[in-house]
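# Pasting the sequence and the predicted model now:
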Amino acid sequence: MNYEIHITKTAERDLINAADYISLVLYNPQAADDLLDEVERKAAGLSQFPQQFSLVDDPVLKTWGVRFVAVNNYLIFYTVSETEKRVNIIRFLYGKRNWISILKQGFSLK
């Protein structure tokens, strides 16, 4: 069964900021395009089997049902709503950031 993919405004902003950084600061627009393509591919794959990736190790975030998938040096964080058959992509963060602290501040599903 296919799940709807919903990207929150925060995750969308995270992704745009990452692509802009790679393109404009690191001067590598091809790498930015490749990242966006890979994110699109991984996000689309979540529609088939969103539980294929692990819950995060943090106990609080685990109780919130936060899962993640790696894309290059970044992590896509998402939750799954079984009742709505929907994957909510909540954040897209650089893997070496203190993402546990960032996610524990809460997140919107809008």
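On my side now, so go ahead.
# Show me the residue at the heart of the chain, geometrically.
residue 76 (2.1 Å; C-alpha atoms, centre = their mean).
# Checking that one next. Helix, strand or coil?
What DSSP: H, G, I helix; E, B strand; the rest coil gives for residue 76 is strand.
# what do you get for residue 87?
Once three-state DSSP is applied, residue 87 turns out strand.
# wouldn't it be in contact with residue 7 here?
No - between residue 87 and residue 7 there is no contact under C-beta atoms under 8 Å: 9.2 Å. Just so you know, the C-beta spots here come from the backbone N, C-alpha and C atoms, and that holds for glycine as well.
# still on that earlier bit, so the closest residue to the residue nearest to the centre of the chain other than its chain neighbours is in which element?
Using C-beta to C-beta, 6 or more residues apart in numbering and skipping residues adjacent in sequence, the residue nearest residue 76 is residue 69, 4.9 Å away. According to DSSP states H and E, residue 69 maps onto strand 67-71.
# CA atoms of that strand as CSV?
Provided in CSV are the C-alpha atoms of strand 67-71 (Å, rounded to 0.1, in the frame of the first residue of the first chain):
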residue,chain,number,x,y,z
ARG,A,67,12.6,7.6,12.0
PHE,A,68,15.5,8.6,9.8
VAL,A,69,17.1,7.8,6.5
ALA,A,70,20.6,8.9,5.5
VAL,A,71,21.2,10.9,2.3
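# in that strand, what's buried?
Under the neighbour-count criterion of 16 or more other C-beta atoms under 10 Å, strand 67-71 has 67-69, 71 buried.
# Just give me the closest of those residues to residue 33.
Proximity of these to residue 33 (C-beta to C-beta) peaks at residue 71, which lies at 13.5 Å.
# so who does the closest one touch?
Residues in contact with residue 71 (C-beta atoms under 8 Å, 6 or more residues apart in numbering) are 35, 38-39, 42.
# how about residue 90, secondary structure?
strand.
# so what sits against both of residue 87 and residue 7?
residue 43.
# ok, back up a step: and the buried residues of strand 67-71, which two are furthest apart?
67 and 71 (13.5 Å).
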